[in-house]
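**Student:** please work out how this folds:
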Amino acid sequence: VQLVQSGGGLVQPGGSLRLSCAAQGFTLDDYGVGWFRQVPGKEREGVVCISTDGSTYYTDSVWGRFHISRDKAGNTVYLQMSDLKPEDTAVYYCATKCRVEYDGGSHSYSSGRDYWGQGTQVTVSS
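**Tutor:** Predicted coordinates:
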């Protein structure tokens, strides 16, 4: 039972990347899924979340640039990142939990059985 991430890498500012988070040993559609990111010396930040009903939540800094989606048949959640900025540089993690803060509110979710992906580096630099 695990989450396996793929994607990431080095991209120039303004570029795009897609991260994948595939579930092995369980049905990802039964869980809310969040993407988090972390840079050295800082706390892990919740970036985006998709609920079991398909509702999505984005932190303000990525709203309009990032898009989360599910592929039920593939048991996978994707994070499409566009118009990337140097400040998006971080290690990105997917998880069966969410914690997103945005202007006017926040959204949190935990199934009580949290799985985390292994993390993938995203570097935005010219």
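**Student:** name the single longest strand found in the protein.
**Tutor:** strand 17-24 (DSSP state E).
**Student:** in that one, what counts as buried?
**Tutor:** By 16 or more other C-beta atoms under 10 Å, the buried positions in strand 17-24 come out as 17, 19, 20, 21, 22, 23. The C-beta positions use only the backbone N, C-alpha and C, and glycine is treated the same way.
**Student:** ditto for stretch 68-82
**Tutor:** Buried residues in stretch 68-82, counted by 16+ other C-beta under 10 Å: 68, 70, 75, 76, 77, 78, 79, 81.
**Student:** out of those, flag the one nearest to residue 4.
**Tutor:** Using C-beta to C-beta, residue 76 comes nearest to residue 4 of the buried residues of stretch 68-82, at 9.2 Å.
**Student:** who's in contact with the nearest residue to the closest one once chain neighbours are set aside?
**Tutor:** Distances taken as C-beta to C-beta, 6 or more residues apart in numbering put residue 22 closest to residue 76, at 4.5 Å, once the chain neighbours are dropped. Counting by C-beta atoms under 8 Å, 6 or more residues apart in numbering, residue 22 touches 3, 4, 5, 6, 28, 74, 75, 76.
**Student:** beta partners of residue 22?
**Tutor:** Per DSSP bridges, the residues bridged to residue 22 are residue 4, residue 76.
**Student:** I'd like the distance between it and residue 6.
**Tutor:** 7 Å (C-beta to C-beta, to the nearest Å).
**Student:** check the secondary structure at the spatially most central residue of the chain for me.
**Tutor:** Centre of the chain computed as the mean C-alpha position; nearest residue by C-alpha atoms, centre = their mean is residue 35, 2.2 Å away. Recorded secondary structure, residue 35: strand (DSSP: H, G, I helix; E, B strand; the rest coil).
**Student:** okay, and the beta partners of it?
**Tutor:** Beta-bridge partners of residue 35, as defined by DSSP bridges: residue 48, residue 94.
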